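**Q** quick one, structure for this:
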Amino acid sequence: MKPRVSPRAIPPMELHRYLGAHAYLDAHSVGPPKTRFLVWAPLAETIEVHRVGLDSSFALTKDSEGYHLGVWDACGDGDRYFLSVDGGPPRPDPVSHYQPLGVHGPSEVTNPDFDWTDQDWVPPAADDLVIYELHVGAFTAEGTFAAAIERLDELVELGVTAIELMPLAESAGRWNWGYDGVGFFAPSHNFGTPQELKRLVDAAHSKGVAVIVDVVYNHLGPEGNYLDDFAPYFSSDHTTPWGEAPNFDDPDWGIDVRRFVISNAIYWLDTFHFDGLRVDAIHCTRDESDPHVVAEMSDHVTQWSEANDRKVFLIAESNVYDPEMLVPRINGGVGFDAAWCDDFLHSVFATVRPGEQLSNRTYRPETDLAQVLAKGYVYQGTLRKERRRETPNERVKTHGLVYSIQNHDFIGNHPLAKRFHQLTSIETQRAAATLLLLTPAIPMLFMGEEFASNRPFLFFVDFGDERLQKAVVTGRHEEYPQHDWSQGMLPTDPTAFESSKLESKEEGNLAMWQWYQSLIQLRKELRSEGILCDEAIHTQFDAGQGIYRIDYRSPDQVVTVFSRLAPATVEPTTAIIEASGELLLDSRPGATQENELLVNHAKVFRECLMG
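**A** Numbering: from 1, shown residues only. Alright, predicted model coming up:
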């Protein structure tokens, strides 16, 4: 268990097995296990381990590369400990695997053993992904990993093939969205233990559901961040609006900071059997070195995936189309599998709520949704190039783009945290969801969307520092100046979290749930027939009546999707559509003749061309 080579020589795909505290039992020893410690602290002369409940301490040995290491036989599985840098105050381990008392408390040595039952698990193909984003703390009344297992059958019945967990890294307080993480290797104790997280992933796999986790590497949270006490983790050249930026491109320390983050990415995949990573705000990950740390992460995750014969989904939150993100590394790209493209979301919203923008990018209600459906995107940018509006001549492949009509940002960054149907109507959501689920892009739902939950998803934090509480409120007002925040609930109000907990499906709109189930089932059917793809798509837009039409053509059939979207203020007229074949789905059944379409209404037809 002791590194046979210097820590810097350990491959990033193996480094997580050494960093931090690891309990083990020697092959020839009897009694309690020992614990091996490895801490990067190049500017410190001494690192001492203090076990909670024990008067003595243990000094680690510093090597020539700034790593402190040692094996202590007075500390084992389940023991809690602090680290002291040069005789300073007690601090949690920078690579703690569990913080049972929160970000300021002691770290706990954890047992990595788990009886996995997913040895034969094969994740769905990328084309079969239907992603469901959820916050573990708000997904159930209990807000735990264990409770989340109880709702998996409901998602399977709906047709979901992957759940995407909002960030799990330990962050300050009793509740948080997760983007203020400071304990990168420690799943939030608010949700349960690391073992309970493994049970959730194992249970999901047993039901055919992949599990993706949201990771944040562009900044660390402002409270409980003790990394700088150990090493120069943070940049003096780069800043972010949310917290300190990691020191990825420092000529002296950048290599170790990069290895820290890359080893964390692989830690989630290896230790918890996650099927993918959604990497937050990639365009805000500051790094002037070559390759960019995100591209280097892609390299090492790919190596780990191939070495372990495990398919892994790397998903970038780039917000707009990035022409380099999905290009393989060997061809000069970043090598990710998919990327969030919020152009679809914002174009839909601009169409049904013109004049109200939820982004700092401007979307045009007259043209942008038609462009997204026809070409795939409106804005583009890369890791190092600013976002700009485009009018592409050719359609891009959208099978690697993640579309949605709402997500945690869409809802939570609205002052009243209203959901799509509350800002529009039930009928509008049904029509918009038809486009979402019947395009070649990867669809993503946000928890509760499928039954039109009336619970808000408010932004919530539980910082103990009053200055931080005030800064959060001020920062949100500055980041979204277009909103009137006078009626919004403060993110520091405990009610913000409690009122965001999702109700049961039975308390929601069951007709909406059935509509989503029908759309997902049809999507899977058309996927299996090979017709729901970029190669078969043809789009039209009737600007006069606000009708979006998508035709999927193959030699033996044509599947046509009609969706008419408009603001609530539009006069509710009836439009005539050129429909052929069998009516498969109608978002407002019985309200019209087959060749008629109301405002905020969708229909799907299939015409057989042979036989």
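**Q** output the below-cut-off pLDDT ranges for the protein.
**A** 1-5, 25-32, 485, 611 (pLDDT under 70).
**Q** so which residue is smack in the middle of it?
**A** In the chain, the residue lying closest to the centroid (Cα atoms, centre = their mean) is residue 214, at 3.5 Å.
**Q** and that one, that's in a strand?
**A** Yes. Under DSSP: H, G, I helix; E, B strand; the rest coil, residue 214 falls within a strand.
**Q** what's across from it in the sheet?
**A** Beta-bridge pairing for residue 214 (DSSP bridges): residue 278.
**Q** which positions within stretch 363-374 qualify as buried?
**A** Across stretch 363-374, burial judged by 16 or more other Cβ atoms under 10 Å covers 363, 365, 367-374. Any C-beta I mention is one placed from the backbone N, CA and C, and that applies to glycine too.
**Q** state the distance from residue 84 to residue 73.
**A** 19 Å (Cβ to Cβ, to the nearest Å).
**Q** then residue 151?
**A** For residue 151, the distance to residue 73 equals 43 Å [Cβ to Cβ].
**Q** which one's more surrounded, these two?
**A** Ranked by neighbour count (other Cβ atoms under 10 Å), residue 151 and residue 73 place residue 151 first, with 17 against 13.
**Q** thinking that one is in contact with residue 139, fair?
**A** Yes. Contact criterion Cβ atoms under 8 Å: residue 151 and residue 139 qualify, at 6.7 Å.
**Q** where along the stretch 301-450 of the chain do the strands fall?
**A** Taking DSSP state E, counting those that start in this stretch to define them, one finds strands in the stretch 301-450 of the chain at 313-317, 338-340, 379-380, 388-389, 401-403, 442-446.
**Q** so which elements touch the fifth one?
**A** Contacts of strand 401-403 with other secondary structure elements, assessed using 3 or more Cβ pairs under 8 Å, 6 or more residues apart in numbering; DSSP states H and E, are made with strand 338-340, helix 343-352, strand 442-446.
**Q** and what of the fourth one?
**A** When contacts are defined as 3+ Cβ pairs under 8 Å, 6+ apart, strand 388-389 packs onto strand 379-380.
**Q** what does the first one give?
**A** Packing contacts for strand 313-317, counted by 3+ Cβ pairs under 8 Å, 6+ apart, involve strand 210-215, strand 276-279, helix 293-308, strand 338-340.
**Q** now residue 87, nearest residue through space, not along the chain?
**A** Among residues not flanking residue 87 along the chain, residue 46 sits closest, at 7.0 Å (Cβ to Cβ, 6 or more residues apart in numbering).
**Q** tell me which residues touch the one you found, please.
**A** Residues counted as contacts of residue 46 (Cβ atoms under 8 Å, 6 or more residues apart in numbering) are 59-60, 62, 68, 84-87.
**Q** tell me which of those is nearest to residue 180?
**A** Residue 180 lies nearest to residue 85 out of these, by Cβ to Cβ, at 23.1 Å.
**Q** let's have the strands of the stretch 301-450 of the chain in TSV, adding distance to residue 129.
**A** Shown next, in TSV, are the strands of the stretch 301-450 of the chain (distance: least, Cβ to Cβ, whole Å):
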stretch	distance to residue 129
strand 313-317	8
strand 338-340	8
strand 379-380	23
strand 388-389	28
strand 401-403	8
strand 442-446	5
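**Q** in a markdown table: the ones you listed, plus distance to residue 346 and mean neighbour count.
**A** Shown next, in a markdown table, are these (distance: least, Cβ to Cβ, whole Å; neighbours: other Cβ atoms under 10 Å):
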| stretch | distance to residue 346 | mean neighbour count |
| --- | --- | --- |
| strand 313-317 | 14 | 25 |
| strand 338-340 | 12 | 25 |
| strand 379-380 | 9 | 22 |
| strand 388-389 | 12 | 13 |
| strand 401-403 | 11 | 25 |
| strand 442-446 | 14 | 25 |
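**Q** residue 609 is nearest to which of these?
**A** Of the strands of the stretch 301-450 of the chain, nearest to residue 609 by Cβ to Cβ is strand 442-446, at 27.1 Å.
**Q** list every C-alpha atom in the closest one, with coordinates, as CSV.
**A** What follows is strand 442-446, C-alpha atoms only, in CSV (Å, rounded to 0.1, in the frame of the first residue of the first chain):
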residue,chain,number,x,y,z
ILE,A,442,-30.0,14.1,-25.7
PRO,A,443,-33.1,15.2,-23.6
MET,A,444,-32.7,16.1,-20.0
LEU,A,445,-35.6,16.6,-17.5
PHE,A,446,-35.4,18.3,-14.2
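**Q** how far does the following helix or strand past it sit from the chain's center?
**A** Proceeding N to C from strand 442-446, the next assigned helix or strand is helix 466-479, under DSSP states H and E. Relative to its chain's centre, helix 466-479 lies at 23 Å (Cα atoms, centre = their mean, to the nearest Å).
**Q** one step back: which one of the helices and strands packed on strand 313-317 lies nearest to residue 610?
**A** So among those, strand 338-340 is nearest, using Cβ to Cβ, at 34.4 Å.
**Q** list of residues touching that closest one?
**A** So strand 338-340 is contacted by 126, 129, 278, 313-319, 321-322, 325-326, 400-402, 404, 442, 444 (Cβ under 8 Å, 6+ apart).
**Q** same thing with stretch 459-473?
**A** Applying Cβ under 8 Å, 6+ apart, the external contacts of stretch 459-473 come out as 172-177, 180, 222-223, 412-413, 417, 476, 490-494, 496-497, 500.
**Q** ditto for stretch 494-511
**A** Stretch 494-511 has contacts (Cβ under 8 Å, 6+ apart) with 135, 137-141, 143, 154, 174-175, 417, 426, 447-448, 450-460, 462, 489-490, 513.
**Q** of these, grab the buried ones for ChimeraX.
**A** Those of the contacts of stretch 494-511 that count as buried under 16+ other Cβ under 10 Å are selected in ChimeraX with:
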select :135,137,138,139,140,143,175,417,426,447,448,450,451,452,453,455,456,457,458,459,460,462,489,490,513
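**Q** give me the domain ranges for this structure.
**A** Domain segmentation of the chain under automatic domain parsing yields 7-108, 537-608.
**Q** now those in JSON lines, with distance to residue 232?
**A** Listed next are the domains of the chain as JSON lines, based on distance: least, Cβ to Cβ, whole Å:
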{"stretch": "domain 7-108", "distance to residue 232": "7"}
{"stretch": "domain 537-608", "distance to residue 232": "50"}
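**Q** ranges for the helices of the stretch 151-300 of the chain?
**A** Applying DSSP state H, counting those that start in this stretch to the stretch 151-300 of the chain gives helices spanning 152-158, 194-206, 254-272, 293-308.
**Q** the stretch 501-611 of the chain too?
**A** Secondary structure of the stretch 501-611 of the chain (DSSP H, counting those that start in this stretch): helices at 510-528.
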